[in-house]
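K.L.:
Provide a 3D model corresponding to the input given below.
(chains A and B)
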Amino acid sequence: EDQVTQSPEALRLQEGESSSLNCSYTVSGLRGLFWYRQDPGKGPEFLFTLYSAGEEKEKERLKATLTKKESFLHITAPKPEDSATYLCAVWANTGFQKLVFGTGTRLLVSP
Amino acid sequence: DAGVIQSPRHEVTEMGQEVTLRCKPISGHNSLFWYRQTMMRGLELLIYFNNNVPIDDSGMPEDRFSAKMPNASFSTLKIQPSEPRDSAVYFCASSLFRDGEAFFGQGTRLTVV
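P.N.:
Residues are numbered from 1 along each chain as shown, chains lettered A, B, ... in the order given. Down below sits the predicted model:
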């Protein structure tokens, strides 16, 4: 069974304090790994897709990396507006377009 | 494009009543998903359509849940009869099959009392 585990569950940072979020996965053939951001009361917002080990994607203060077993979302010099829940999802190579989500990391950045 | 549009945004109903949630996917997308989100279980896929055809409904919890996609621009998720444990936020998402990434609506917060 495909599984996604995110850690930590919650993370509190000071503004400017860089850190990383982890997404570990077990999947029968990875077709893609996705990162989403979710603000309270809103739907998940797509951030990145990673397709193969060694791939990296960047957007503003966020950088996502992928290995064969896990993905990291690095946040450099975060700002309060980066506060949100960050969700990771895997797309297994089953032929079905089914995303399996982790339970997310709640990030709070204090000024 | 306005993105994925869901209605209603909030729904409060009494146990035993029928509830219908609605979704308009992004124009041109050929895959549509219904997810349910709770604090305990996170985001769970309920059903997935490709080109208006249900492909995987293994996540639908019980026969009380049903989903339809009569055309490429509209889908419904129906719960009949509703129960308090159905209370959750229900999201609709759409995508292009080849790309994988799904774009979500704002969700419907369902409360069954």
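K.L.:
Tell me the helices and strands packed up against the helix or strand harbouring A:L87.
P.N.:
Using DSSP states H and E, A:L87 sits in strand A:84-92. On a contact count with 3 or more C-beta pairs under 8 Å, 6 or more residues apart in numbering or on different chains; DSSP states H and E, strand A:84-92 meets strand A:3-7, strand A:19-26, strand A:30-38, strand A:70-75, strand A:99-101, strand A:105-110. Using the backbone N, CA and C atoms, a C-beta is placed for each residue, glycine as well.
K.L.:
wait, which of those strands is closest to B:F103?
P.N.:
Among these, strand A:30-38 comes nearest to B:F103, with 10.0 Å by C-beta to C-beta.
K.L.:
The next helix or strand after that closest one to strand A:70-75, inter-axis angle?
P.N.:
Going down the chain from strand A:30-38, the next helix or strand is strand A:45-50, by DSSP H and E. Per axes from the mean of the first three to the mean of the last three C-alpha atoms, to 10 degrees, the angle that strand A:45-50 makes with strand A:70-75 is 130 degrees.
K.L.:
Would you mark the buried spots in the helix or strand just after strand A:45-50?
P.N.:
With elements assigned by DSSP H and E, the helix or strand that comes after strand A:45-50 is strand A:56-59. For strand A:56-59, a neighbour-count test (16 or more other C-beta atoms under 10 Å in any protein chain shown) marks A:K57 as buried.
K.L.:
Also stretch B:34-50?
P.N.:
Neighbour-count burial for stretch B:34-50 flags B:34-37, B:42-43, B:45-50 (criterion: 16+ other C-beta under 10 Å).
K.L.:
Among those residues, which ones lie close to chain A?
P.N.:
Counting by C-beta under 8 Å from any C-beta of the partner chain, B:42-43, B:45, B:48, B:50 from those sit close to chain A.
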